[in-house]
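[1] sequence first, predicted model second:
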Amino acid sequence: MSSAAIRSTMPVYRPTPIWRLLASNRLAMVGLAFVLLWTLGGLLVPLIWQFSPTETGVGPLLDTPSLQHPFGTDNFGRDIFARVFAGARISLWMGLISVSVSLLIGVPLGAIAGYFQGVTGGIIMRVMDAILAFPSLVLAMAIAAALGPGMSSAMIAVGIVGIPEFARIMYSQTVSLSQRPFVEAGRAIGLKDRQILMRHVLPNAMSPIAVRATLGMGYAILTAASLSFIGLGAKPPSPEWGVMIADARGYIISGEWWLSTFPGIAIATSILGFNLFGDGLRDVLDPRLRTTAVK
């Protein structure tokens, strides 16, 4: 048998598109559905719903869920359905800004520490270890209290707490990638360190960074809601989910369950959505799962 005939009978390995692998992961699709629900709902519902999230007296005080008010009303007669979906916009925005702060600071620090190592890398990573030594929520509370209560303070606090995670991931990726032949070749042809990091190291390290950012969104939403719950984040009458649960805690015993249930479900499903989607994305970006034999 000729070599051409032998090659024609061998299977050809082609990379499976990421979107197809992601679509075949049911849990990832469930997570994406939750993410899209709160993202699109937060953008569209406040525009088309008949009640404003901050308008008082749109219904009876503490009215149970009904057709007119699907999630009921609160102690000021505000529509909880409108407030929950308006709160989605606030919570997702706080999570996005917090993760962006962590990523934009943690990734460069990790890359510098991993590429140059030595004293510079040691100092950077020891600072990251010192931050990780504190419980994340306690540290976020301390930072938010020092900056002063408010949404901006909460976002900065959550962002600072998340920096070490991105730095450690980028550090390990940079240490591994800096020994690869393509990086050595870049050094051999005279590329500057900045060019090697930006053109070769960072693009090849983006897969675990993207996964960590997706998973970090759930953590950021939860931590921001926790800070708002204790008065260090968003303030009333903001329809932020943590603020809504804080306002409802005095009515749990008296039986007005809907005041805290629907914001709580919103927090739980949004975090679940990002976690499931992040897990699916991690599986999809694994190169061992991205090739299939095609005749």
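    All right, it came through fine.
[2] could you look up the SS state of F134?
    coil (DSSP: H, G, I helix; E, B strand; the rest coil).
[3] count of neighbours near it?
    F134 has 12 neighbouring residues, counting by other CB atoms under 10 Å. Glycine gets a C-beta too; all of them are placed from N, C-alpha and C.
[4] same question for I265.
    What I265 shows, counting by other CB under 10 Å, is a neighbour count of 13.
[5] contacts only, for it.
    For I265, the contact set (CB atoms under 8 Å, 6 or more residues apart in numbering) is empty.
[6] so for it, what's the pLDDT?
    For I265, the model assigns a pLDDT of 96.
[7] from the contact counts, what lies against the lengthiest helix in the chain?
    Criterion DSSP state H: the longest helix present in the chain is helix 80-116. Judged by 3 or more CB pairs under 8 Å, 6 or more residues apart in numbering; DSSP states H and E, the packing partners of helix 80-116 are helix 26-48, helix 118-132, helix 151-177, helix 193-196, helix 206-229, helix 241-248, helix 258-284.
[8] give me the angle between that helix and helix 26-48.
    Using axes from the mean of the first three to the mean of the last three CA atoms, to 10 degrees, the inter-axis angle of helix 80-116 relative to helix 26-48 is 130 degrees.
[9] flag the helix or strand of this protein with the lowest per-element mean pLDDT.
    Across the helices and strands of the chain, mean confidence by mean pLDDT, DSSP states H and E is lowest for strand 291-294: a mean of 41.
[10] thinking again about what came up before, tell me how far the longest helix of the chain is from the chain's mean position?
    Distance of helix 80-116 from its chain centroid, counting by CA atoms, centre = their mean, to the nearest Å, is 6 Å.
[11] list the buried residues of it.
    80-92, 94-95, 97-103, 105-115 (16 or more other CB atoms under 10 Å).
[12] which stretches of the stretch 101-250 of the chain aren't confidently modelled?
    For the stretch 101-250 of the chain, no stretch has pLDDT under 70.
[13] nearest residue to G110 in space, please, no chain neighbours.
    Counting by CB to CB, 6 or more residues apart in numbering, G110 lies nearest to M170, which is 2.9 Å off, once chain neighbours are set aside.
[14] isn't that neighbour up against S207?
    No. Counting by CB atoms under 8 Å, M170 does not reach S207; the two are 11.9 Å apart.
[15] more neighbours: those two, which one.
    Ranked by neighbour count (other CB under 10 Å), M170 and S207 place M170 first, with 28 against 16.
[16] got the contact list for the more buried one?
    G106, V107, L109, G110, A111, G114, A205, I209.
[17] the third one contacts I124, doesn't it?
    When you say that, I think you mean L109. Yes. Counting by CB under 8 Å, L109 touches I124, with 5.3 Å between them.
[18] what is in contact with those two at once?
    A167.
[19] picking up where we left off before, the longest helix of the chain to helix 151-177, inter-axis angle?
    40 degrees.
[20] helix/strand/coil for P149?
    coil.
[21] how many other residues sit next to it?
    When neighbours are counted by other CB under 10 Å, P149 comes out with 17.
[22] and for P237?
    16.
[23] and it, that one's in a strand?
    No. Counting by three-state DSSP, P237 is not part of a strand but coil.
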